[in-house]
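**Student:** quick one, structure for this:
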Amino acid sequence: MAKELKSPEGYARYAGSYDQGEKYWDSFEQRNLNPYIQEAKVKKVLDAGAGTGRIAIRLQDAGAQVTALDLSPEMLARLRRKKPTIEAVLGDIEAMPFEDDSFDMVFSSLTMVHLKHV
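**Tutor:** Numbers count the residues shown, from 1 in each chain. This next block holds a predicted model:
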C-alpha cells in the first residue's frame with residue numbers, strides 16, 4: 001500500500017523537478033494572471049504558496065515588492081537560487097506570520113487543494 005505524504009514531505013521530494021512542469025502551468029495561467037501581475041507594479045505583494053517562485057519572479061520583474069511564503073524549505077531554497085532579491089518566508093498559508101493589511105495584493109496559485117479550512 002502506498003504511503004500518503006503530507007504536503008511538506010511531498011514538496012521536499014518534488015522540489016528538484018518542480019520547475020519542469022512550469023511550461024504547462026504557464027500556458028494555463030498566463031492569459032489570466034498577466035493583467036493582475038502588471039497591476040502589481042510598485043505594490044507590496046504576497047505570493048502565498050510560492051513554491052519555487054514561478055509567480056513571485058514575474059511579480060518582481062513587473063516592479064512589485066514581493067514576499068514569497070511557502071511551507072517547503074526546499075522549494076524556497078530553489079526560489080532563492082533563482083531570485084535572491086525576493087523575500088522568502090517559511091510558513092503555513094493557514095497560519096500566516098504577517099500582520100493584517102501587510103500587503104496590497106495577494107497571489108496564491110495551486111494552493112487550495114492543500115487547505116484544510118477553506
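
**Student:** only C-alpha atoms from now on, for both contacts and neighbour counts.
**Tutor:** Will do.

**Student:** and stretch 100-107, what's buried?
**Tutor:** 105, 107 (16 or more other Cα atoms under 10 Å).

**Student:** what about the helices in the chain?
**Tutor:** Ranges of helices within the chain are 7-14, 22-39, 54-61, 73-82, based on DSSP state H.

**Student:** same for the last one, what does it pack against?
**Tutor:** This points to helix 73-82. Under the contact criterion of 3 or more Cα pairs under 8 Å, 6 or more residues apart in numbering; DSSP states H and E, helix 73-82 touches helix 7-14, strand 87-90.

**Student:** rank those by mean pLDDT and give me the bottom one.
**Tutor:** The stretch with the lowest mean pLDDT among the helices and strands packed on helix 73-82 is helix 7-14, at a mean of 56.

**Student:** can you check the distance spanned by stretch 94-107, start to finish?
**Tutor:** End-to-end span of stretch 94-107 (Cα to Cα, to the nearest Å): 14 Å.

**Student:** so what's residue 63 up against?
**Tutor:** 40-43 (Cα atoms under 8 Å, 6 or more residues apart in numbering).

**Student:** nearest to residue 107 among those?
**Tutor:** Distance ranking of the contacts of residue 63 against residue 107, using Cα to Cα, places residue 40 first at 10.0 Å.

**Student:** residue 64 is in contact with the closest one, correct?
**Tutor:** Yes - Residue 40 is within contact range of residue 64, at 5.5 Å (criterion: Cα atoms under 8 Å).
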